[in-house]
Each structure stands twice: as C-alpha cells, then as structure tokens.
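In: need coordinates for the below:
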Amino acid sequence: MHELAVCQGLMSQIGQIAQRENAERISRILLSIGPLSGVEASLLSDAFPIAAAGTVAEDAELSIEQSPIKVKCLSCGAESEATANRLVCAACGDYRTQLLSGDEMLLMSVELERRRSA
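Out: Modelled structure (predicted):
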C-alpha cells in the first residue's frame, strides 16, 4: 500500500514541524489532495493511524479536502475546472490545456499544542 509510505513521509514532515515549534502534540492535520495526485484519500485515512502510532500526531484528527482539477487553455487563455478524464477548456472546448492544479497533495495546516516553558 503506497499510501502508508506517503503517511510515513507526512509524519516525518510533521515531526520536523513539531520539533521546530516545540510542540508536545499535534491535534489536527489538514491535507488537500487532488484527484490526479495518485493518492487515494480513503486509503490514506486508513494508513494514518498506523503511521502516526508512537508520534506526536498519534491522536491527531486527519482532515482531507479534495482539490479541484484546474486547467488553462492554450488557445483562449481561460482558466477553468475540468474532470480527470476530460482536461478540456470549459470556455471554448479546446483540448490543448495546461494543468494548473489537481495533481498535488498539500499539507495545508497543522494544529499543535506547544510545550509550556518552565
């Protein structure tokens, strides 16, 4: 399951953030995942508890937002939303488009609880 490896990489990144911010625990993680990212949100959610076990994010809530596919038309210049199997311009119908978003997985935010200074 490749989503477990993705979660393990995410835990590494979150661990670095927690250390930098002197956090004792992570309470919420927000991800944005595009339909062309190659990451299945439900499988990622299933893998998260395994990857988070024993980390500062062990009890964190994982929230996942789906990001839209957006393209820019190389003919008319319009930017529009598209679907995974139909990356055409919504304005003129041309198939010559450039992908602007929808193929990424982004860490949008991390809510953390800092250690209290002694």
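In: so which elements touch the biggest helix by length in the chain?
Out: Of all segments of type helix in the chain, defined using DSSP state H, the longest is helix 2-20. For helix 2-20, the helices and strands in contact under the criterion 3 or more C-beta pairs under 8 Å, 6 or more residues apart in numbering; DSSP states H and E are strand 23-33, helix 41-52, strand 105-114. (Each C-beta comes from the backbone N, C-alpha and C, glycine too.)
In: of all those, which lies closest to residue 81?
Out: Evaluated over the helices and strands packed on helix 2-20, closeness to residue 81 peaks at strand 23-33, with 14.9 Å, by C-beta to C-beta.
In: report the rounded mean pLDDT for the closest one.
Out: Taken as a whole, strand 23-33 carries a mean pLDDT of 96.
In: ok, residues contacting it?
Out: Where contact means C-beta atoms under 8 Å, 6 or more residues apart in numbering, the residues beyond strand 23-33 that reach it are 10, 14, 17-18, 39, 41, 44, 56-67, 104-115.
In: who's the closest residue to residue 21 other than its chain neighbours bridged to?
Out: In space, not counting the residues next to it along the chain, residue 21 is nearest to residue 112; the distance is 5.9 Å by C-beta to C-beta, 6 or more residues apart in numbering. With beta bridges defined as DSSP bridges, residue 112 has these partners: residue 26.
In: give me the number of residues near residue 112?
Out: 20 (other C-beta atoms under 10 Å).
In: I figured it was touching residue 19, is that so?
Out: No: if you go by C-beta atoms under 8 Å, residue 112 and residue 19 don't touch, sitting 10.7 Å apart.
In: export the helices and strands packed on helix 2-20 to a markdown table and tack on distance to residue 87?
Out: As requested, these are arranged in a markdown table below (distance: least, C-beta to C-beta, whole Å):
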| stretch | distance to residue 87 |
| --- | --- |
| strand 23-33 | 18 |
| helix 41-52 | 21 |
| strand 105-114 | 19 |
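In: how near is the closest residue to residue 97 other than its chain neighbours to residue 106?
Out: Setting aside the residues directly before and after it, residue 97 is nearest to residue 71 in space (C-beta to C-beta, 6+ apart), at 3.9 Å. Residue 71 sits 18 Å away from residue 106, taking C-beta to C-beta, to the nearest Å as the criterion.
In: thanks a lot, catch you later.
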